[in-house]
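>>> Predicted model, plus sequence, below.
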Amino acid sequence: MAAALLAAASLSLVACVPSPTTGPNRPVGAPSSSPSASASPSASVAPVGYLYLDASELQLPICDGDRRVGVAMLNDEPTCRLEGRVTLVFPDGVELDADFGGAGSRVGSDSDVRWAWASVGDYGSVAAMFTSGCRHYIEWGRPDAFAKLERAFGPDHAWACVGNG
C-alpha cells in the first residue's frame, strides 16, 4: 500500500506504512528527525502537526469512483475510505470539490465562511464550516476521527482552524 505526504493550509496529514526504508512511524519522505506529534510554533510560522496512520488504520477499501457526499453522512460508521475526487455538500447548499486522501480547506470569496476537510483512514473523514477566528464552528464526522486529529494537531479544532483564521 502506497503512502503519501499531503499538505493543507499549515498542517500535514501523513499516512505511514511500515517498510524497511521508512521505518514504522516515519512519514514517507520525512527526515528521521521528524516530529512525532507537532512542531513548536514560532512567531512567524503557524503550528504544524503530523497525523500518523499505520497500515492497521488503513484496512477499509477505498470507495469506488467519484462521490457526492452530504457532510452529515460523515457522522456514520464508514464502510470505505473516501479518497480521490469527492464533492462535499454542506447544509447551506455549498458544494465543494475536494481531493480526499489528505486534507484541504477553502475560504469563501464573498463571505467570511471557511470550510475544511480531512481523511482520517479507517476512522472516517471529517468536515467543518466556520468563520474567521474559528467562530461559529460546525463539524461533521465521527468522534474517534476528531480524537485522532486532536492528538495530532491539538485542541480547539486546530486541524481546521490553524492557518485558516
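Yep, it's here. Residues are numbered from 1 along each chain as shown.

>>> in this protein, which spans are helices?
143-153, 158-161 (DSSP state H).

>>> right, so those helices: which one is the most enclosed?
helix 158-161 (a mean of 26; mean count of other C-beta atoms under 10 Å). Glycine gets a C-beta too; all of them are placed from N, C-alpha and C.

>>> Counting by contacts, list what it packs against.
The contact analysis (3 or more C-beta pairs under 8 Å, 6 or more residues apart in numbering; DSSP states H and E) places helix 158-161 against strand 113-119, strand 125-131, strand 135-140, helix 143-153.

>>> for those, which one sits closest to residue 54?
helix 143-153 (11.9 Å; C-beta to C-beta).

>>> Which strands and helices lie in contact with the closest one?
Packed on helix 143-153, when contacts are counted by 3+ C-beta pairs under 8 Å, 6+ apart, are strand 50-53, strand 125-131, helix 158-161.

>>> Neighbouring strands of the longest one in the sheet, and parallel or not?
Right, the one you point to is strand 125-131. strand 113-119 (antiparallel), strand 135-140 (antiparallel) (DSSP bridges).

>>> Which residue is the nearest non-sequential neighbour of residue 70?
Distances taken as C-beta to C-beta, 6 or more residues apart in numbering put residue 89 closest to residue 70, at 4.7 Å, once the chain neighbours are dropped.

>>> Can you add mean pLDDT, distance to residue 57 and mean neighbour count and give the strands paired with strand 125-131 back as a markdown table?
Below are the strands paired with strand 125-131 laid out as a markdown table (pLDDT from 0 to 100; distance: least, C-beta to C-beta, whole Å; neighbours: other C-beta atoms under 10 Å):
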| stretch | mean pLDDT | distance to residue 57 | mean neighbour count |
| --- | --- | --- | --- |
| strand 113-119 | 91 | 11 | 24 |
| strand 135-140 | 92 | 20 | 15 |
